[in-house]
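Enquirer: pasting the sequence and the predicted coordinates here, then a few questions.
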Amino acid sequence: MWDYTDKVNDHFKNPRNVGKIENPDGTGEVGSLACGDALKLMFKLDDEGRIKEAKFQTFGCASAIASSSALTEMILGKTLEEAEKITNKDIAEYLGGLPKQKVHCSVMGREALEAAIYNYRTGKRWDKELEGDVVCHCFGVTDKEIEKAVRENNIQTLEELTNTCKAGGGCGNCLPDIEKIMLRVHSEMDAPAVPEKAPMTTLQKIHLIEDVIDREIRPALRQDGGDLELIDVNGDIVKVRFRGACSGCIISEITLKDVVEARLKENVSEDIHVEEVK
Amino acid sequence: MRTVYLDNNATTKIADEVREAILPFLTDLWGNPSSMHTFGGQVKKYVEAAREQVAALIGAEDPQEITFTSCGSESNNLAIRGGAEAMDKAPHIITSKVEHAAVSGPCHYLEDRGFRLTKLDVDEKGRLELDVLQRELRAGRSLTSLMWANNETGVIFPVGLIGEMVHEAGGIFHTDGVQAVGKIPMKVSELPIDMLSLSGHKLHAPKGIGAIYIRRGTKVKPLVLGGHQERGRRAGTENVPYIVGLGVACDLAAKHLSEENTRVKAMRNRLEQGLLATCPGARVNGDPACRLPNTTNISFDFIEGEAILLMLDDHGICASTGSACASGSLEPSHVLRAMNVAGVSVHGSIRLSLSTYNTEEDVDAVLTELPKIVKRLRELSPFVS
């Protein structure tokens, strides 16, 4: 049973602006029957270039219908330049939040808006494959969409990404490619705030070490079929155990010093010393 | 608002008779059946009586072939992991693509540990392809685990035929009978079945009690170690109250079996035919000729199951769906996908499962509300113009 907000329930049961517009200025269609949700959004502008009418049709679950309905309310009265700034997060916030597995419903709303504006400006039907390469074939998600989702939602894990844009939620064959994209985007995004030099508590230190391992070390090891487990933190001594292909790898000693220790020195403290537990 | 409970394949109401039978074991008769003193030891006879009641419902020859467990999932784990590990040589594990997770889970567990695993396909009606099974059985001694009846569609596998094929090839046959027991007549003593799992809460006993039939002579390595209970097959002090409850529930199920296959079946048929007649673009998933009497799985083209479910919920109607959105995964039900249900309807499936506690009024409620809901959601759908 999903914990939907009252606002989601209201927009699901009493959706606003359902239907079609005769001779719309812009039409955006995203999703498909096979994917389990789809949205067709239409709008008409007034003389000042503001959206005076918006209508939608949605195939999907309660939160897909609610996200679409919310979107139409949000864009009414806005210029296209203003409407363009609406993110999936804005849609979710408008509804008082969505369950994390349902975030992709708000992304579908944002995409439909993008598609409709593109249609208005170019007269063409939006085709996201022109802008990027499909990475996740189960749900037709492109590298550009993944990048956008990661940047806009500050996504850290694969699970969050799948919840947001569905990428990787089917057969899973694309997961290594997705991890590479996430790694690249993370490295391009601003480096995480450097921790204060004020002494950290042990708990803070453990959290930071875990965070650095998750973000900077683990994805690289996983590319080679390996993994790493944090065993203990005692002062500046960090004990880890290699897993998968890393355990027993002849260069694990090098990985330990040049990857694990180097990253932790860089992000946590110069004094960190990493030891391997066999 | 009146609750119209049509989700009996998920769980069932605890029968009044079952609750009444359990209560004395929560008040006065709380002893340990293994105790030497009279106070404890006296409850042992109730456990053994329940064993006989379970054996009677499924037609086992000897009550000692029944082992009590905590649930259907534990029974399936014991049969598959315990069964495979007790065989001299690692068997070929054969199962299907439409099994419950409590069967596919232990099968994948064994696969990860080097066992060879084959998952058989089903056709568009959910029927097993027996010639493929025959071919797979040639690849060495097997532990074959195939469900008696499917939880989502109600489709019944021909376990008698399957068991014969498995035995002819020298293998062991386990069937997950969680959905079948209590809904269709069965006599395991006359069937080529080595192990059968069943669950209490699917037949009006509480959650937290199950059983497994292990035919005399079948070897199974226990999963729970450290006690002599259940003849060493499952350590741990017996859950006496619920074992007693399961026994009574089995008695009731035996009594209701003919009603299940007449009155309940007639209600299911009226429900199904009524929906097909009033909702265009509705189709039944699963072989109508070989199904449990209480289950119908219907897809509605161009609309999504979770939305249907939530709107039914507004009217107090409880159902379930194979839609992706309802589960939190992105893929629709593995059963419907294995059946290659068409893309237009795979996300719009609803399962309605009845029990003897349902009335014609319940059927009327669905026939009144569901067509309106389907119409309303279609008005929202971009695929219907």
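Expert: Thanks, I have the structure now.
Enquirer: tell me how many other residues surround B:Arg127.
Expert: 17 (other C-beta atoms under 10 Å in any protein chain shown). Yep, even glycine has a C-beta here, placed from its N, CA and C like the rest.
Enquirer: can you check A:Ile231 too?
Expert: 12.
Enquirer: distance of it from A:Arg263?
Expert: Distance, A:Ile231 to A:Arg263, by C-beta to C-beta, to the nearest Å: 17 Å.
Enquirer: which positions in chain A make contact with chain B?
Expert: A:12-13, A:15, A:18, A:29, A:33-34, A:36-40, A:57-65, A:99, A:101-102, A:104, A:138-139, A:162, A:166, A:169-170 (C-beta under 8 Å from any C-beta of the partner chain).
Enquirer: name only those of those that count as buried.
Expert: Neighbour counting with 16 or more other C-beta atoms under 10 Å in any protein chain shown marks A:12, A:15, A:18, A:29, A:33, A:36-40, A:57-65, A:99, A:101-102, A:104, A:138-139, A:162, A:166, A:169-170 as buried within the residues of chain A next to chain B.
Enquirer: which parts of the stretch 251-385 of chain B are strands?
Expert: B:282-284, B:295-300, B:317-318, B:320-321, B:349-353 (DSSP state E, counting those that start in this stretch).
Enquirer: worst mean pLDDT among these?
Expert: Here the strands of the stretch 251-385 of chain B differ in mean pLDDT, and the lowest is strand B:320-321 at a mean of 92.
Enquirer: show residues contacting that strand.
Expert: Applying C-beta atoms under 8 Å, 6 or more residues apart in numbering or on different chains, the external contacts of strand B:320-321 come out as B:7, B:9-10, B:305-306, B:308-309, B:326, B:349-351, B:353.
Enquirer: go with 6 Å
Expert: For strand B:320-321, contacts defined as C-beta atoms under 6 Å, 6 or more residues apart in numbering or on different chains pick out B:7, B:10, B:305, B:309, B:349-351.
Enquirer: next one: stretch B:175-187
Expert: B:58-59, B:72, B:76, B:103, B:147-149, B:151, B:159, B:193, B:196-199, B:202-203, B:253, B:257, B:260, B:292, B:294.
Enquirer: can you check stretch B:233-244 too?
Expert: B:21-22, B:25-26, B:32-33, B:43, B:46-47, B:50, B:67-69, B:206, B:208-209, B:222, B:224-227, B:229.
Enquirer: now, those residues that are in strands?
Expert: B:67-69 (DSSP state E).
Enquirer: which among the residues you listed gets closest to A:Thr5?
Expert: B:Thr69 (40.4 Å; C-beta to C-beta).
Enquirer: please report how far that closest one lies from A:Val18.
Expert: Taken as C-beta to C-beta, the span from B:Thr69 to A:Val18 is 51 Å.
Enquirer: with B:Phe25 instead?
Expert: Distance from B:Phe25 to A:Val18, by C-beta to C-beta: 56 Å.
Enquirer: also B:Arg2?
Expert: 30 Å.
Enquirer: returning to that earlier point: neighbour-wise, which one of the contacts of strand B:320-321 leads?
Expert: Top of the contacts of strand B:320-321 by neighbour count (other C-beta under 10 Å): B:Gly305, with 29 neighbours.
Enquirer: what residues go with each domain of chain B?
Expert: Chain B breaks down into these domains under automatic domain parsing: B:4-10+B:257-380, B:16-252.
Enquirer: circling back to that earlier point, wait, which of the ones in strands among the contacts of stretch B:233-244 is closest to A:Glu147?
Expert: For these, the nearest to A:Glu147 is B:Thr69 (49.5 Å; C-beta to C-beta).
Enquirer: closest to chain A among the ones in strands among the contacts of stretch B:233-244?
Expert: Lowest distance from chain A to the ones in strands among the contacts of stretch B:233-244 (C-beta to the nearest C-beta) belongs to B:Thr69, with 27.5 Å.
Enquirer: thought that closest one was touching B:Ser75?
Expert: Yes: the criterion here is C-beta atoms under 6 Å, and B:Thr69 meets it with B:Ser75 at 4.9 Å.
Enquirer: tell me which of those two has more neighbours.
Expert: Between B:Thr69 and B:Ser75, B:Ser75 has the larger neighbour count (other C-beta under 10 Å), namely 30 against 27.
Enquirer: quick check: the gap between the more buried one and B:Ile212.
Expert: 4 Å.
Enquirer: between these two, which contacts overlap?
Expert: By C-beta under 6 Å, 6+ apart, the residues touching both B:Ser75 and B:Ile212 are B:69, B:197.
Enquirer: okay, now the domains of chain A?
Expert: If you go by automatic domain parsing, chain A breaks into A:6-122, A:128-188, A:202-276.
Enquirer: tabulate the ones you listed (TSV), appending mean pLDDT.
Expert: TSV is the format used below for those (pLDDT from 0 to 100):
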stretch	mean pLDDT
domain A:6-122	94
domain A:128-188	86
domain A:202-276	85
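Enquirer: point out the most buried one among the ones you listed.
Expert: domain A:6-122 (a mean of 21; mean count of other C-beta atoms under 10 Å in any protein chain shown).
Enquirer: so who does residue 49 touch?
Expert: You didn't pick a chain, so chain A it is. So A:Gly49 contacts A:Thr79 (C-beta under 6 Å, 6+ apart).
Enquirer: what comes up buried for stretch B:125-137?
Expert: Quick answer for stretch B:125-137 (16+ other C-beta under 10 Å): B:125-128, B:133, B:136-137.
Enquirer: one more: stretch B:249-267?
Expert: B:249-254, B:256-257, B:260-261, B:263-265, B:267.
Enquirer: and the residues you listed as JSON lines, adding pLDDT and distance to chain A?
Expert: Listed next are the buried residues of stretch B:249-267 as JSON lines, based on pLDDT from 0 to 100; distance: C-beta to the nearest C-beta, whole Å:
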{"residue": "B:Ala249", "pLDDT": "98", "distance to chain A": "26"}
{"residue": "B:Cys250", "pLDDT": "98", "distance to chain A": "31"}
{"residue": "B:Asp251", "pLDDT": "98", "distance to chain A": "33"}
{"residue": "B:Leu252", "pLDDT": "98", "distance to chain A": "29"}
{"residue": "B:Ala253", "pLDDT": "98", "distance to chain A": "28"}
{"residue": "B:Ala254", "pLDDT": "97", "distance to chain A": "34"}
{"residue": "B:His256", "pLDDT": "96", "distance to chain A": "30"}
{"residue": "B:Leu257", "pLDDT": "96", "distance to chain A": "32"}
{"residue": "B:Glu260", "pLDDT": "92", "distance to chain A": "28"}
{"residue": "B:Asn261", "pLDDT": "93", "distance to chain A": "32"}
{"residue": "B:Arg263", "pLDDT": "97", "distance to chain A": "31"}
{"residue": "B:Val264", "pLDDT": "98", "distance to chain A": "27"}
{"residue": "B:Lys265", "pLDDT": "98", "distance to chain A": "30"}
{"residue": "B:Met267", "pLDDT": "98", "distance to chain A": "26"}
